[in-house]
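Chemist: A predicted structure for the sequence below; I have some questions about it.
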Amino acid sequence: MGYVSKATISVAAIVGAVTFSQAPEFAQQYRQRLGGALDELRVIVDDFDHDARQYNLTRESALALFSASKESFVQARGTSMRNTLDRYQKLSDQVADMNSTAPVLRPFIVISDPDEMIVRNAWSDFVPAIPVTLSEIAWGGIGALFFGGIAGFFALFGRRQVRRQPGLR
């Protein structure tokens, strides 16, 4: 393996380490935004449940009233509330998963079922961190191995064989 191949592998490994080491920090920033979104949704859900109870309704029976209305606006509000309740449940489940998962594995929670709005907002405000936690160092190592391995694979098997013609040097 030549000097250029080794340098390419080294650069790829460094890029992988720096990139992947940010995964736990992004997961942490996502988690913070997730908690904030859940807190705000909880206010809406609690208000809805309180209003339903005041009229001796369950959540489902209140939603059924929205659906049964002849007014399209009221039906649309019912659909919006059902979507809000579904999102609240999804984010609640994700918070529970985040809280019960080791920090080194939290990026997988984000990757597995991200909330688009939270990812977009977390990314727009994302500030990279110097990897100092065990999770960040582990992810950096994984990134170095992954990117370095890919570069090494291409360095070994991706180059063309150059055939020399007899009599030429």
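Modeler: Yes, it's here. Numbering: from 1, shown residues only.
Chemist: Name the residues of stretch 18-28 that are buried.
Modeler: Within stretch 18-28, the residues that qualify as buried are 19-28, counting by 16 or more other CB atoms under 10 Å. Quick note: C-beta positions are derived from backbone N, CA and C, even for glycine.
Chemist: quick one: terminal-to-terminal distance for that stretch?
Modeler: 17 Å (CA to CA, to the nearest Å).
Chemist: ok, now stretch 121-136?
Modeler: 21 Å.
Chemist: ok, residues contacting that stretch?
Modeler: Residues outside stretch 121-136 that contact it (CB atoms under 8 Å, 6 or more residues apart in numbering): 21-26, 29-30, 33, 102-104, 106, 137, 139-140.
Chemist: try it again with 6 Å
Modeler: 21-22, 24-25, 29-30, 33, 103-104, 137, 140 (CB atoms under 6 Å, 6 or more residues apart in numbering).
Chemist: Helices - which of those land there?
Modeler: Judged by DSSP state H, these include 24-25, 29-30, 33, 137, 140 as members of helices.
Chemist: Please pick the buried ones from those.
Modeler: Buried among the ones in helices among the contacts of stretch 121-136 by 16+ other CB under 10 Å: 24-25, 29-30, 33, 140.
Chemist: Include pLDDT and distance to residue 86 when you put the contacts of stretch 121-136 into a markdown table, please.
Modeler: Listed next are these as a markdown table, based on pLDDT from 0 to 100; distance: CB to CB, whole Å:
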| residue | pLDDT | distance to residue 86 |
| --- | --- | --- |
| 21 | 79 | 34 |
| 22 | 82 | 31 |
| 24 | 86 | 29 |
| 25 | 87 | 29 |
| 29 | 92 | 24 |
| 30 | 96 | 20 |
| 33 | 96 | 19 |
| 103 | 90 | 28 |
| 104 | 89 | 30 |
| 137 | 76 | 38 |
| 140 | 72 | 37 |
